[in-house]
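# have a look; sequence and predicted model below, questions after that.
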Amino acid sequence: MNELLAKFFRHYMRLTSWERSGRIYEWIGIAKLDRFLAGLFGATVVPRYKPDLTVSRNFLSDQYHRGRYSEVVNFICFVIYLVIMAFCLVHQITWAFWYAVLLSLTHLQVIPVERYKRALISEWMQHPDQLTEEELPLRPRRNPDQLRHWFYSPRPFESEKFYDKLVVDSYRRFVSWLTYMSQAESRDNAPPVNALKKRSLEYLDDFEAGTRQSEAIHWIGILEHIPFYVAFVSVQAWAALVWMIWPFYLNLWAIFLQRQHRARIMRLLLKRADSSSSLNPA
């Protein structure tokens with residue numbers, strides 16, 4: 001089954017001949033949407049190839065693997081909302097149906113953005129002499145007060161073992177499965193997008209900041225589904241409520257995974273930040 005799904009996604013994500021230049025996406029406004037989303041999440045836009053430009057090979061590789069992963073995730077989310085729409089139609093909940101349509105479109109619009117970026121990356125890869133070996137840029141390092149945010153700081157009970165008891169590894173395995181589905185070929189062996197790749201304090205600081213962004217997104221995902229629970233309970237649509245367990249699990253255990261990451265690395269980051277502050281008093 002895994003191999004069948006992997007073949008489906010790899011075939012589905014191949015760029016067609018009319019996509020490879022990326023021009024069609026620019027004509028329909030996807031380039032502007034890409035810049036908007038990049039600005040919203042503080043990301044770097046993949047530039048279009050120009051003979052006088054250079055770009056980091058590591059940056060392109062990171063964008064390529066993250067983009068394929070994002071496309072698979074948003075495709076699955078779109079399918080989940082299609083099922084929710086079907087339940088809404090069956091139970092004649094019109095407002096919930098259109099609400100599901102709206103949410104599905106937010107995921108659907110990400111797919112052409114990722115395909116557009118992949119077209120740009122493919123063009124860059126044809127010019128290896130203009131690719132540098134620069135490392136990915138990191139976010140600015142933060143002070144102890146920024147690290148000790150009241151919402152994101154791990155509580156005393158939040159330890160790695162605590163989240164192990166909540167079977168967070170089940171979600172980690174799911175992320176690994178999604179990564180496998182999104183690889184261009186099974187030999188790629190790309191690491192999961194949320195995996196720790198380095199151990200330097202600067203990288204850990206950047207990684208921890210990324211866990212906060214991811215957690216916030218999944219909290220939004222939980223909150224935006226509350227209207228569906230209300231709608232399905234009001235008409236006693238029990239099968240629909242059972243289906244809603246799936247997106248609830250994906251969002252809540254994703255939050256658990258981000259908080260487990262922080263429980264593992266926060267003590268080290270705070271020790272470094274406190275030490276740095278004492279050496280550089282205001």
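That came in fine, so what should we check first?
# remind me which residues of this structure are low pLDDT?
Within the chain, the ranges that satisfy pLDDT under 70 run 1, 184-197, 199, 273-282.
# any idea which helix is longest in it?
For the chain, the helix with the greatest residue count under DSSP state H is helix 238-279.
# quick one: it to chain centroid distance?
14 Å (Cα atoms, centre = their mean, to the nearest Å).
# do the same with stretch 10-25
Taking Cα atoms, centre = their mean, one finds stretch 10-25 lying 21 Å from the centre of the chain it belongs to.
# hmm, who's touching it?
Contacts to stretch 10-25, defined as Cβ atoms under 8 Å, 6 or more residues apart in numbering, come from residues 31, 48, 68, 71-72, 75, 112, 115-116, 118-120, 122-123, 182-185. The C-beta positions use only the backbone N, C-alpha and C, and glycine is treated the same way.
# just the buried ones from the residues you listed?
The neighbour count (16 or more other Cβ atoms under 10 Å) marks 31, 68, 71-72, 75, 112, 115-116, 118-120, 122, 182-183 as buried among the contacts of stretch 10-25.
# which two from these end up farthest apart in space?
Spanning the widest gap among the buried ones among the contacts of stretch 10-25 are Ala31 and Gln183, at 26.1 Å by Cβ to Cβ.
# picking up where we left off before, of the buried ones among the contacts of stretch 10-25, which belong to helices?
Among the buried ones among the contacts of stretch 10-25, DSSP H puts 31, 68, 71-72, 75, 112, 115-116, 118-120, 122, 182 in helices.
# give me the neighbour count for Ile28.
Look at Ile28: counted by other Cβ atoms under 10 Å, it has 12 neighbours.
# could you do the one 10 residues further on as well?
Residues near Ala38, counting by other Cβ under 10 Å, number 15.
# what's it in contact with, if anything?
Thr44, Val45.
# what of the one 10 residues further on?
Arg48 makes contact with Gly22, Leu120, Glu123, according to Cβ under 8 Å, 6+ apart.
# redo that, cut-off 6 Å
Leu120 (Cβ atoms under 6 Å, 6 or more residues apart in numbering).
# I'd assumed it was in a strand, is it?
No - applying DSSP: H, G, I helix; E, B strand; the rest coil, one finds Arg48 to be coil, outside a strand.
# any idea how far it is from Ala119?
Distance of Arg48 to Ala119, given as Cβ to Cβ, to the nearest Å: 10 Å.
# equivalent analysis for Val83, please.
31 Å.
# also Val73?
With Cβ to Cβ as the criterion, Val73 and Ala119 are 20 Å apart.
# Val110 too?
Computed as Cβ to Cβ, the Val110 to Ala119 distance reads 15 Å.
# give the buried residues for stretch 52-60.
Neighbour counts over stretch 52-60 (16+ other Cβ under 10 Å) mark Val55, Ser56, Arg57, Phe59, Leu60 as buried.
# which stretches in the stretch 51-200 of the chain count as helices?
Along the stretch 51-200 of the chain, counting by DSSP state H, counting those that start in this stretch, helices occupy 57-90, 94-108, 110-125, 144-147, 160-165, 168-182.
# just those helices: most buried one?
Mean neighbour count (mean count of other Cβ atoms under 10 Å) peaks for helix 110-125 among these, with a mean of 20.
# show me the contact partners of that helix.
Contacts of helix 110-125 (Cβ under 6 Å, 6+ apart): 15, 19-20, 22, 25, 30, 33-34, 46, 48-49, 55, 60, 64, 67, 70-71, 74.
# for stretch 88-96, same thing?
Applying Cβ under 6 Å, 6+ apart, the contact partners of stretch 88-96 are Phe97, Ala100, Ala231, Val235, Ala237.
# measure the closest residue to the fourth one other than its chain neighbours to Leu241 for me?
Just to be clear, that refers to Val235. In this structure, Val235 finds its nearest non-sequential neighbour in His91, 4.8 Å apart by Cβ to Cβ, 6 or more residues apart in numbering. Distance of His91 to Leu241, computed by Cβ to Cβ: 11 Å.
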